[in-house]
Structure formats: C-alpha cells, structure tokens
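A.B. asks: structure of the sequence below:
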Amino acid sequence: MLAQQMNLMWAIIVRVLVSFSLVSCSDAAVDRKTTHARLVELIPIDVDSKRVERRNFGALTLLSAFQLTSKDKHFGGLSGLSVGRDGRLYAVSDHGYWLSASILLDPDGALKDLVDWRIAPILTTTKLPVSGRLRDAEALAQARDGSFLVAFEGLHRIWRYSPPPKTFESTPVSVQIPSAVTQAPSNGGIEALATLADGRLLIIAEELENPDGSVKAWVLDDGQFTELSYLPAKGFHVTDCAALINGDVLVLERRYVPFGILSARLTRVTAGSLRPGAKLAGKELLKLEQPLAVENFEGIAVQQTSNGTMIFIVSDDNYSSFQQTLLLQFLLPDSDS
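C.D. replies: Numbering: from 1, shown residues only. Okay, the predicted model is just below:
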C-alpha cells in the first residue's frame with residue numbers, strides 16, 4: 001500500500017511540474033492573452049520551452065499549439081478527432097459527448113482560433129444520451145457519404161450518425177464489426193478508424209495482440225472484412241489514425257511509463273502496403289517526448305487547405321486536473337503529401 005501511495009505521489013508531482021512547464025513558458029514567444037470568457041478557451045503554449053522559436057519536429061513543421069480549457073463539465077476526455085467536409089473540427093469524448101467548432105486559420109494556414117463551439121450528448125438508438133458501458137467513444141471518422149462513424153469501447157461497436165448539420169440530433173445505425181473485437185478487453189477494443197481515399201474503412205484495435213507484438217487491424221470493403229495487422233513501436237499503443245488523399249495512412253501511437261511519463265509518435269503507412277494479411281509498420285514522422293509538450297495524445301485529424309496538408313493531434317485529459325487537453329497543428333511537407 002505504501003509503495004502504491006508513493007508511486008501516486010510521484011505521478012502527481014511529475015504531472016504538476018509538466019503542467020507548469022507548458023503554461024509558464026517565455027512570454028516573449030507567444031501572446032498569453034485569451035479571448036473573453038466563452039465555452040472553450042485556447043491558450044497558446046510552447047512545444048519546446050527551451051527553444052521557443054523551434055518549428056521543425058521530425059518531418060513536420062509546427063504551425064500552432066494550444067491548451068484548451070473550459071468550465072463546461074462535459075468538456076474533456078477527447079479521444080477521436082476529425083475535420084468534417086464542412087470545415088468544422090469534430091471530436092468525441094470518453095463520457096459520450098460530441099464537440100464541434102469552426103476552424104479559423106491565419107493567412108499562413110496556422111490555427112488562429114476555434115469558434116462557434118457546440119457540445120452535445122451522443123445519442124443512442126432510442127434517442128437517449130449514451131451512458132454507462134455505452135458512452136466510451138474512442139474513434140471518429142467521416143464516411144464518403146458524409147455520415148460520421150463512431151467507435152466505442154466498453155460495449156464494443158461502431159455506430160453511424162447522419163451527416164452535418166443533423167449529426168448531433170440523429171440516432172445511430174449499427175455498422176458491422178469484426179467478430180474478434182467482441183473478445184477484446186473492455187478498454188482494449190477499436191481505438192482507431194480512418195476512411196481511406198477509396199472509401200474503405202480501416203479499423204485498428206488497441207489490445208488485440210498477435211504473438212509477434214502487432215495488433216489486429218481490418219479493412220472493411222462492401223461488407224467484407226480483410227484482416228491485417230499493425231506493429232507499433234515497443235512499449236507504444238495505437239490511439240488513432242487518419243487517411244491522406246493519396247491513400248497513405250497516419251497512425252498515432254502513445255507510450256506511458258510509471259510516474260506519468262508520456263511519449264507520442266506519428267507514423268506513415270503507405271497505401272500500397274494495405275494488403276490482405278500484411279503487417280503494417282509505418283515510417284516515423286514525429287516523436288514527442290518530455291521535456292517537450294507531450295500529453296496523452298489520442299486523436300488525429302487531417303485537413304487539406306490551400307497552404308497544404310494540415311495535421312491536428314489532440315490529447316485526452318481523462319477529466320483529470322493533473323492532465324491537459326492539448327491541440328497541436330503541424331504541416332506535412334509538400335513532398336510528403
């Protein structure tokens with residue numbers, strides 16, 4: 001018991017120190033002022049507090065970095081992210097809520113603000129808010145027809161919701177899932193969804209491991225599942241994925257070790273490797289480790305703009321005062337788009 005208490009104490013200390021470093025960086029680097037009180041505030045942060053002007057991280061270019069805060073009790077726990085065809089940012093949370101906001105970019109394509117926020121409960125087939133084992137939304141993807149697909153843990157499933165602007169008010173239709181997913185641990189089912197460039201759906205599990213350390217994955221095409229697998233880096237777990245317009249897939253991974261130490265990495269899987277039975281192992285584009293601004297990153301979204309391919313990653317704060325909701329925006333170089 002004493003050892004557990006000591007571990008908890010050290011975890012709290014580390015998280016507090018990390019939180020302080022993220023919001024106490026050089027005032028010369030960014031303007032710390034936020035707009036007047038509103039549903040969600042965006043507070044600029046420095047990803048590298050020792051080199052506040054740094055913009056190159058791995059193969060990506062950092063465009064913006066914010067901590068998101070809100071007094072709304074339903075805000076937080078963001079685990080799935082998507083940029084809709086309407087240009088709005090969409091997210092789903094561990095407690096079963098939709099979140100959405102309009103994206104405002106500056107002339108260089110950097111995120112300037114998120115406005116016109118909406119937070120609403122995800123509905124069940126009986127038009128009631130999801131609750132209990134039904135509420136843990138983990139992944140989000142927009143299908144070719146504009147509808148949104150939401151993957152849930154707890155009671156493993158994928159539900160399809162109407163396209164915007166009726167998404168939040170719509171009731172879901174069940175989408176077929178691989179039978180193996182029903183055998184996954186309660187918190188280890190479908191963790192990542194992506195609608196591929198050709199319309200197929202990529203599904204990646206979190207804890208359905210194969211003997212070689214890879215996790216099970218599937219491609220759903222016209223009602224038929226093709227099984228493959230994805231091999232994360234040692235100690236890392238898949239948390240989300242997103243497709244690029246050329247057919248490649250970005251996969252977000254996270255590693256947690258005792259005392260609250262977090263790492264995240266982003267890999268790229270080529271379209272040509274998405275073959276039946278393939279073991280996918282992406283090329284690393286980005287790795288974030290402390291003392292950089294790293295959190296429990298669980299959501300990724302891609303947006304095509306006149307400035308290029310934008311990548312957003314968001315963290316899940318687990319509704320904890322010792323964690324933060326961070327939103328980072330990167331530019332994928334033209335040669336890699």
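
A.B. asks: what sits opposite residue 157 in the beta ladder?
C.D. replies: residue 152 (DSSP bridges).

A.B. asks: how near is the residue nearest to residue 163 when sequence neighbours are not counted to residue 297?
C.D. replies: Once flanking residues are discounted, residue 163 sits nearest to residue 146: 3.3 Å by Cβ to Cβ, 6 or more residues apart in numbering. Using the backbone N, CA and C atoms, a C-beta is placed for each residue, glycine as well. Distance of residue 146 to residue 297, computed by Cβ to Cβ, to the nearest Å: 27 Å.

A.B. asks: with residue 328 instead?
C.D. replies: Per Cβ to Cβ, residue 328 is found 8 Å from residue 297.

A.B. asks: ditto for residue 144
C.D. replies: 27 Å.

A.B. asks: which one of these two is surrounded by more residues?
C.D. replies: Comparing residue 144 with residue 297 by other Cβ atoms under 10 Å, the one with more neighbours is residue 297, at 26 against 13.

A.B. asks: which of the residues in the helix or strand where residue 327 lies are buried?
C.D. replies: When elements are assigned from DSSP states H and E, residue 327 belongs to strand 325-332. Buried residues in strand 325-332, counted by 16 or more other Cβ atoms under 10 Å: 325, 326, 327, 328, 329, 330, 331, 332.

A.B. asks: before we move on, what about stretch 235-243?
C.D. replies: The neighbour-count check on stretch 235-243 (16+ other Cβ under 10 Å) flags 236, 237, 238, 239, 240, 241, 242, 243 as buried.

A.B. asks: how about a markdown table for those, with distance to residue 221, pLDDT and secondary structure added?
C.D. replies: Output for those, formatted as a markdown table (distance: Cβ to Cβ, whole Å; pLDDT from 0 to 100; DSSP: H, G, I helix; E, B strand; the rest coil):
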| residue | distance to residue 221 | pLDDT | secondary structure |
| --- | --- | --- | --- |
| 236 | 28 | 96 | coil |
| 237 | 26 | 96 | strand |
| 238 | 21 | 97 | strand |
| 239 | 24 | 97 | strand |
| 240 | 21 | 98 | strand |
| 241 | 17 | 98 | strand |
| 242 | 18 | 98 | strand |
| 243 | 14 | 98 | strand |
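
A.B. asks: let me have those residues in JSON lines, extended by distance to residue 112.
C.D. replies: Converted to JSON lines, these look like this (distance: Cβ to Cβ, whole Å):
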{"residue": "236", "distance to residue 112": "32"}
{"residue": "237", "distance to residue 112": "33"}
{"residue": "238", "distance to residue 112": "31"}
{"residue": "239", "distance to residue 112": "27"}
{"residue": "240", "distance to residue 112": "24"}
{"residue": "241", "distance to residue 112": "27"}
{"residue": "242", "distance to residue 112": "22"}
{"residue": "243", "distance to residue 112": "26"}
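
A.B. asks: ok, so of those, who is nearest residue 284?
C.D. replies: Taking Cβ to Cβ as the measure, residue 284 sits nearest to residue 236 out of the buried residues of stretch 235-243, at 10.6 Å.
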